[in-house]
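Participant: Build me a model:
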Amino acid sequence: MKFIQLSLNDKRPLQDAAYDEWIRYIFRRYKDKNTMLKYLNEICLHISNNCEVVTLTTATRLKEAFEELNFIGRFTQIKKQSGHCECCNLKLDCIKLSEDEFATLQRVVKEKLILGNDLFLKTSPEELKRFTSFVEKTAPYDIVLDALNIAYSIGKGDVNERIKILNLVVNHFLDQNKKILFLGRQHMLSWKRGTLMHTVKKVYSFFTDDISQDDPYFITAAILSGPETDIVSRDLLRGHRFLLQHENLQRLFQMWQWQHQWMVFVPRHKAIIQAPLTFTPCAQNHDNSWHLPYQPENMLNAGHLNDGTPDCSNWLCLRAKN
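Facilitator: This is a model prediction of the structure:
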């Protein structure tokens, strides 16, 4: 287990051969079924604690192992809107961050993304001071909009189309009486200024310099605002998650992102505002059952739309027959 943890710390998840040998050892070493089940559960707990997505090969090996211990194993899907398993109808939990975990995330995000070298390469201390002062005066918010990212969700549309989608998103959340922070860049103010300002005047707004890196601003504004604040952006934020470096901090950030990130898609010129997941898409245990996500062998060629949330169509459902 020490070597496994070292491997994970080095960003090297276990390969199929390691999982296979782990399972073989359990069946070779123990004869009592309850003891064997205890250690198989330990493998699943390892997958859950590290938010791992195993391969189809490993998922199949786990399915066979549990079936030898009187379990029913089925490949299934999780309903994206509700979080229910299509096989057993169990609803996966939304695992929220504790107060201490969120406080840690607040502290580290401020240190890494705002005070760290990443942001100062493309901003100024004056702008940073102006921003932090603004957030202190106007937070907390319900929603923080990554305005430029939303505007470009329209693809190759013109300025009128970009302003139209921004107005639609703003009105969507205003209709729910949400307090909104609109984070944009200075050059956006030249987009038919009167039309854009008609949208902006409905909300709190902050425009960064064009040379600034605006992603850390909207992430930090949202997290410093508090545990109930959501973000709207199609940016998957992988780079900023990587900057947190420590595995546990990256896991906390990923869990926060799953629970708080809305996305805007405009297929065929019809806007879709996608809400955050209602469940945490990591392996979960409920009584005598496990649900584990896996990656199919043909995933890279399946044409799956990467909308920033895990693929809910590839899960393994394991439950005791009794």
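Participant: residue nearest the centroid of the protein?
Facilitator: Central residue of the chain (Cα atoms, centre = their mean): Trp258, 3.3 Å from the mean position.
Participant: Which helix or strand contains that one?
Facilitator: Using DSSP states H and E, Trp258 sits in helix 247-260.
Participant: Pull out the buried residues from the following helix or strand past that helix.
Facilitator: Proceeding N to C from helix 247-260, the next assigned helix or strand is strand 261-265, under DSSP H and E. Using 16 or more other Cβ atoms under 10 Å as the test for burial, strand 261-265 gives Gln261, Trp262, Met263, Val264. Any C-beta I mention is one placed from the backbone N, CA and C, and that applies to glycine too.
Participant: Adjacent strands (with direction) for strand 261-265?
Facilitator: Here strand 261-265 has these sheet partners by DSSP bridges: strand 230-232 (parallel), strand 272-274 (antiparallel).
Participant: count of neighbours near the closest residue to Ser124 other than its chain neighbours?
Facilitator: Sequence neighbours aside, Asp209 is the residue nearest to Ser124 in space, at 7.5 Å (criterion: Cβ to Cβ, 6 or more residues apart in numbering). A count of neighbours around Asp209, defined by other Cβ atoms under 10 Å, yields 14.
Participant: Isn't Asp209 up against Gln186?
Facilitator: Yes - using Cβ atoms under 8 Å, Asp209 is in contact with Gln186, at 5.8 Å.
Participant: thinking again about what came up before, could I get the buried residues of strand 261-265 as a markdown table with pLDDT and distance to Ile154?
Facilitator: Shown next, in a markdown table, are the buried residues of strand 261-265 (pLDDT from 0 to 100; distance: Cβ to Cβ, whole Å):
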| residue | pLDDT | distance to Ile154 |
| --- | --- | --- |
| Gln261 | 94 | 19 |
| Trp262 | 95 | 16 |
| Met263 | 94 | 14 |
| Val264 | 94 | 9 |
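Participant: Export those as JSON lines, with columns for distance to Lys192.
Facilitator: Conversion of those to JSON lines gives the following (distance: Cβ to Cβ, whole Å):
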{"residue": "Gln261", "distance to Lys192": "29"}
{"residue": "Trp262", "distance to Lys192": "25"}
{"residue": "Met263", "distance to Lys192": "25"}
{"residue": "Val264", "distance to Lys192": "20"}
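Participant: Next one, pLDDT for Leu121 please.
Facilitator: Confidence at Leu121, expressed as pLDDT, is 44.
Participant: Equivalent analysis for Asn285, please.
Facilitator: We have a pLDDT of 97 for Asn285.
Participant: same question, Trp191
Facilitator: 89.
Participant: list the contacts for it?
Facilitator: Shown in contact with Trp191 (Cβ atoms under 8 Å, 6 or more residues apart in numbering): Val159, Arg162, Ile163.
Participant: Quick one: neighbours of the second one, just the number.
Facilitator: The local packing count at Arg162 equals 21, with neighbours defined by other Cβ under 10 Å.
Participant: tell me which element it is part of?
Facilitator: Arg162 belongs to helix 159-174 when assigned by DSSP H and E.
Participant: Give me the contacts around that helix.
Facilitator: 142-143, 145, 147, 150-154, 157, 180, 182, 191-192, 195-196, 198-199, 202-203, 232, 264, 266, 271, 273.
Participant: Produce a PyMOL select command limited to the buried residues of these.
Facilitator: To isolate the buried members of those in PyMOL, using 16+ other Cβ under 10 Å:
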select buried, resi 142+143+145+147+150+151+153+154+157+180+182+191+196+199+203+232+264+266+271
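Participant: In strands, which of the contacts of helix 159-174 fall?
Facilitator: Judged by DSSP state E, the contacts of helix 159-174 include Ile143, Leu145, Ile180, Phe182, Val232, Val264, Ile273 as members of strands.
Participant: just the residues you listed now: which is nearest Lys129?
Facilitator: Set against Lys129, the nearest of the ones in strands among the contacts of helix 159-174 by Cβ to Cβ is Phe182 (20.2 Å).
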